[in-house]
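S.K.: structure, please.
(one chain, ligands or ions: 1)
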Amino acid sequence: MGKIKIVQRIGILTAGGDCPGLNAAIRGVGKTAIVKYDMKLVGISDGFTGMINKEYRELTEKDLSGILTVGGTILGTSREKPFKSDKGKKEISKPKLISEHYDQMGLDCLVCIGGNGTIKTAHLLAQEGLNVVGIPKTIDNDVWGTDLTFGFDSAVNIATEAIDRLHSTANSHKRIMIIEVMGHNAGWIALYSGIAGGGDVILIPEIQYSDQKVAEYLIQRASENKPYSIVVVAEGIRMAVKESCSAAQSLSKKITELTGLETRETVLGYIQRGGTPSPMDRVLATRYGAAAADMIAERDYGKMVAFRNNDIVSVPLSEVSGKTKLVSENDPMVIQARNMGTSFGI
Ligand code: F6P
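M.R.: Purely as a prediction, here's the structure:
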């Protein structure tokens, strides 16, 4: 009679760009797995690179203490995409290496914490026969199948604080202030921080803007004796003419040219991804982690934890892999902002 394996050995990795809350999620998975289920936890170094190179270490409950509030990831991360074609190369394929190392490490399941790229890789690994559970993270909030990814709330907090600070200096100098926030091809950070920070213009990749419309709007504000304007721009906006400089710099040049108004730009950059997670992100990441451990205990593999309608649920990786959650032009937040006079450059 075959033995029933009770103790499970879980591998865990963080992949893609880092974000606040990764350690909270690792802790959520690990503490639940160790304390509730008496499982073993194996931390894989630097995302999928660690699986390829077999770099890992066992994590005890003690290793998970004191990390809840710490930014970044104790495991390290990388943008390694093991399924990206390595045709023509002589070495053994990376997915094959990962499968072999998964077995050699004695893993019963691999928890992959990451954004769209990671979720796609997790799905492909599941198709290769590995037991996989995904946890969605990214400041961009663009993972399909979940209302929220952790990291997003922290990034919005940071961007909003930056916008708040720009108001006073913009007012003193009577300037147009452009602030560029991250988001890759999605406008979630720009939309949320733009509304939270009272941006006059919000430009996002999902809504095709016109330089002319933005300029007319800013001239109109100036003619109404509004001394300054704040323009919140997502890094991925679709510019009429692609330039090598940042979206903010390119827009700044255009606005100066078209309005004659004094304009300055700020690119917020990696500050949005660093530092301690917001309380909301700590809670979300912890809940995701705990739910992932419960799924593993139930051998409910091939799924991603998700937040929908204020509840933690699980969705098949096959449903979410390869998709991106973008802002709709008709998103209620866009409509409400437009009804209040905010310009989206259209
Ligand atoms: O996906 C998160 C993100 O921060 C995006 O907003 C941004 O475009 C990108 O990562 C920057 O990534 P990298 O770390 O590769 O410079």
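
S.K.: do the top helix by length along the chain and the ligand come into contact?
M.R.: Ranked by residue count and defined by DSSP state H, the top helix of the chain is helix 152-173. No: applying C-beta under 6 Å from any ligand atom, one finds helix 152-173 separated from the ligand by no less than 8.2 Å. In this view, the C-beta of every residue, glycine as well, is placed from N, C-alpha and C.

S.K.: any chance you could list what contacts that helix?
M.R.: Applying C-beta atoms under 8 Å, 6 or more residues apart in numbering, the contact partners of helix 152-173 are 19-21, 138-141, 175-177, 179, 181-182, 188-189, 192-194, 196-199, 227-230, 232, 262, 266, 268, 271-273, 275-278, 280-281, 284.

S.K.: can you select the buried ones from these in ChimeraX?
M.R.: Entered in ChimeraX, the line below selects the buried ones among the contacts of helix 152-173, by 16 or more other C-beta atoms under 10 Å:
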select :19,20,21,138,139,140,141,175,176,177,179,181,182,188,189,192,193,194,196,197,199,228,229,230,232,266,268,272,273,276,277,278,280,281,284
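
S.K.: intersect the contacts of helix 152-173 with the contacts of the ligand.
M.R.: Filtering the contacts of helix 152-173 for neighbours of the ligand using C-beta under 6 Å from any ligand atom leaves Thr138, Ile139, Asp140, Met182, Arg273.

S.K.: who's in contact with the residue in the stretch 201-346 of the chain that the ligand sits nearest to?
M.R.: Residue nearest to the ligand within the stretch 201-346 of the chain (C-beta to the nearest ligand atom): Arg273, separated by 5.4 Å. Going by C-beta under 8 Å, 6+ apart, Arg273 touches Gly17, Asp18, Cys19, Pro20, Ile139, Gly151, Ala155, Met182.

S.K.: could you pull up phi and psi at the first one?
M.R.: This points to Gly17. Main-chain torsions, Gly17, degrees, to the nearest 10: phi -60, psi 140.

S.K.: ok, now which ones touch it?
M.R.: If a contact means C-beta under 8 Å, 6+ apart, then Gly17 has Thr77, Arg79, Gly115, Thr138, Ile139, Arg273 as its contacts.

S.K.: before we move on, back to that, let's see the longest helix of the chain as PDB, backbone CA atoms only.
M.R.: Coordinates of each C-alpha in helix 152-173 appear next as PDB, following Å, rounded to 0.1, in the frame of the first residue of the first chain:
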ATOM      1  CA  PHE A 152      -0.500  49.100  -5.700                       C
ATOM      2  CA  ASP A 153      -1.900  50.800  -2.600                       C
ATOM      3  CA  SER A 154       1.600  51.700  -1.400                       C
ATOM      4  CA  ALA A 155       2.500  53.100  -4.800                       C
ATOM      5  CA  VAL A 156      -0.600  55.200  -4.900                       C
ATOM      6  CA  ASN A 157       0.200  56.500  -1.400                       C
ATOM      7  CA  ILE A 158       3.700  57.500  -2.500                       C
ATOM      8  CA  ALA A 159       2.500  59.100  -5.700                       C
ATOM      9  CA  THR A 160      -0.300  60.900  -4.000                       C
ATOM     10  CA  GLU A 161       2.100  62.400  -1.400                       C
ATOM     11  CA  ALA A 162       4.400  63.500  -4.300                       C
ATOM     12  CA  ILE A 163       1.500  65.200  -6.000                       C
ATOM     13  CA  ASP A 164       0.400  66.900  -2.700                       C
ATOM     14  CA  ARG A 165       3.900  68.300  -2.400                       C
ATOM     15  CA  LEU A 166       3.900  69.600  -6.000                       C
ATOM     16  CA  HIS A 167       0.800  71.600  -5.400                       C
ATOM     17  CA  SER A 168       2.500  74.100  -3.100                       C
ATOM     18  CA  THR A 169       5.600  74.700  -5.200                       C
ATOM     19  CA  ALA A 170       3.400  74.900  -8.400                       C
ATOM     20  CA  ASN A 171       1.300  77.500  -6.700                       C
ATOM     21  CA  SER A 172       4.300  79.600  -5.500                       C
ATOM     22  CA  HIS A 173       5.800  79.700  -9.000                       C
END
